[in-house]
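K.L.:
could you look at this predicted model? Sequence included:
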Amino acid sequence: MKLLKRILGVSKPPDPEQIRTAIRKKYAEVSRSAEGKFKYPTGREGARALGYDPALLAEMPGGMVKSFCGVGNPFTLGPIRPGERVLDVGCGAGFDLFVAARMVGPEGGVSGVDLTAEMVEQARANLEQRDVSHGEVRQGSAEDIPYADATFDVVISNGVLNLSPQKEKSFREIHRVLKPGGRLQFADMVLRGDLPRKVAGNLDAWSD
């Protein structure tokens, strides 16, 4: 359990709803553009550095690319097969949803969940703009995923689980919505030790 807590970055945080409020505020701004809001490359430059296909980037709406702030590439961890159902936890403006939609094809399906209403609105508009008819987005959190048990073949996430103030609950929820034998493919930041108390208690740090 001690090792699990270290991997998940568990330190004593502020109240979970305070954290969610700070995250909503930050990512409402990111829904328009991620430029200058993180200490690592974002947008088109960040996506290229993480190995995303330039041809796919060229197909995406400009707003989808501008708001990209992923920390890795979950698609490098294993294949996404035609016909599968994929859930993106913390889908943002729909960047990884769009990639997954191309992989599963029209016979499959992609679903996104995001905490921030502005991100949900952007993602829906972006998918509609590119005629992704086999995709949908719902507002919700990693701790309370608005889908039934055993719904998905694959759950992906990109730089989002570190934002959760209740990480063990988030992983239980992901396990619940995965079909038996389903896969979790996520990219995220991992702590090598416990956060200093002044950082763990800083709301701005939780939304970075």
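P.N.:
Great, that's in hand.
K.L.:
for residue 51, grab the count of nearby residues.
P.N.:
Residue 51 sits with 10 neighbouring residues when counted by other C-beta atoms under 10 Å. All C-beta atoms are positioned from the backbone trio N, CA, C, and that covers glycine.
K.L.:
the one 10 residues further on now?
P.N.:
By the other C-beta under 10 Å criterion, the neighbourhood of residue 61 contains 18 residues.
K.L.:
who are the neighbours in contact with it?
P.N.:
126, 129, 130 (C-beta atoms under 8 Å, 6 or more residues apart in numbering).
K.L.:
ok, residue 58 next?
P.N.:
The contact partners of residue 58, taken as C-beta under 8 Å, 6+ apart, number zero.
K.L.:
my guess is it is in a helix, correct?
P.N.:
Yes - the assignment for residue 58 by DSSP: H, G, I helix; E, B strand; the rest coil puts it in a helix.
K.L.:
now do the lengthiest helix in the chain: which elements does it pack against?
P.N.:
If you go by DSSP state H, the chain has its longest helix at helix 16-30. Where contact means 3 or more C-beta pairs under 8 Å, 6 or more residues apart in numbering; DSSP states H and E, helix 16-30 is packed against helix 117-129, helix 203-206.
K.L.:
flag every buried residue along the longest one.
P.N.:
Spelled out, it's helix 117-129. For helix 117-129, a neighbour-count test (16 or more other C-beta atoms under 10 Å) marks 118, 119, 120, 122, 123, 124, 126, 127 as buried.
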